[in-house]
Each structure stands twice: as C-alpha cells, then as structure tokens.
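Asks: missing the sequence, but the structure's below:
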C-alpha cells in the first residue's frame, strides 16, 4: 500500500516574514524539507526601486513567479518585462532569469521551486551575508552560488 507523507500544516507564526537585507523580506511558506522535496514555496517582498536577483540559471530545478501585488520586472526569454498582480512566469531548468522592482510600490510575489530542493538555505545564507555587511571575495561568491545550483550570467 502506498504511504503518503504526513500532512503539513503551518500557521503564519511558524513561517514569519524575515528581513533579508535592506530592500527585501521573505517567508519560507513551504520549504522543500516540508514537502518531501516535491516543491518549495517562498513569499518574497521587494522594496520599491530595488534590485532583486541578477540574471542566472539553475541546472536542476525550475522557478516560477506569481505576483501578488505591485509590479515585478522579470528577466526571461532574453528580455526584462513588467508583471503585475495576478501575472505568472515559469522559467524551466537552464532558463536564464532574474527579477527586480522598478516601480514606486513594494512588490509582493511567490516563488515556486520544483522540485523542492532546500532553497531555504540559499535565502538564509544570502540574508546573513547582507546583514553582516561583509563583502565576500569573487571566489567566495562563486563557491556560494555553486553550492546552491545558481549560475550567474553576464548580459
């Protein structure tokens, strides 16, 4: 008989919005560790006129964006495009993508990772790095990105 993993319920108090630097905050709604690796879901808040993620790609997972409020500018298919509340973008493995907030309002959006690798570790390490104020060497950043299946791309 097929056994399903236990049901996962998480209250808002169990996954609070956490400061991820001067211009962003995030909530690990459903980390891969809680979904048996099926997917990971992050709520992300990006301040107005703020950079987000520079263009990059992943080799082992797709990334989807769903805008809840504000406007998010997403790089995909070779161009930066504005996305508004209710808009959705899917980037498959090896697809170059990035995001930023070019608007005057905060942008709130969901990021879905599939399969659900432990992407929460990437966000936790990045937030700690930003809070520390330390500037890592290029070699340290290359190692950091490699640990988290993120390949940066120069446009």
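Replies: Done, it's in. Note that the structure is a prediction, hence the values are computed from the model and not measured.

Asks: got the buried residues for the helix ranked longest in the chain?
Replies: Assignment by DSSP state H gives helix 119-132 as the longest helix of the chain. Within helix 119-132, the residues scored as buried using 16 or more other Cβ atoms under 10 Å are 119-120, 122-123, 126-127, 129. (Glycine included, C-beta is placed from N, CA and C.)

Asks: and after it, which helix or strand comes next?
Replies: Using DSSP states H and E, the helix or strand that follows helix 119-132 in sequence is helix 138-147.

Asks: and that following helix, what's its mean pLDDT?
Replies: Mean pLDDT, helix 138-147: 93.

Asks: I'd like the distance from that helix to the chain centre, please.
Replies: Its chain's C-alpha centre and that of helix 138-147 lie 17 Å apart, by Cα atoms, centre = their mean, to the nearest Å.

Asks: Please apply the same query to stretch 24-31.
Replies: 8 Å.

Asks: contacting residues around it?
Replies: With Cβ atoms under 8 Å, 6 or more residues apart in numbering as the test, stretch 24-31 has contacts from 8, 10, 15-20, 39-47, 50, 52, 110, 116, 118-120, 123, 127.

Asks: Look up how far residue 144 lies from the closest residue to residue 32 other than its chain neighbours.
Replies: Of all residues not flanking residue 32 in the chain, residue 116 sits nearest, at 3.0 Å (Cβ to Cβ, 6 or more residues apart in numbering). From residue 116 over to residue 144 the distance is 20 Å, taken as Cβ to Cβ, to the nearest Å.

Asks: Helix or strand: which one has the residue nearest the centre of the chain?
Replies: Nearest residue to the geometric centre of the chain (Cα atoms, centre = their mean): residue 111, 5.4 Å. Using DSSP H and E, residue 111 maps to strand 107-114.

Asks: And residue 41, by the same measure?
Replies: strand 40-46.

Asks: and the angle from that strand to strand 107-114?
Replies: 160 degrees (axes from the mean of the first three to the mean of the last three Cα atoms, to 10 degrees).
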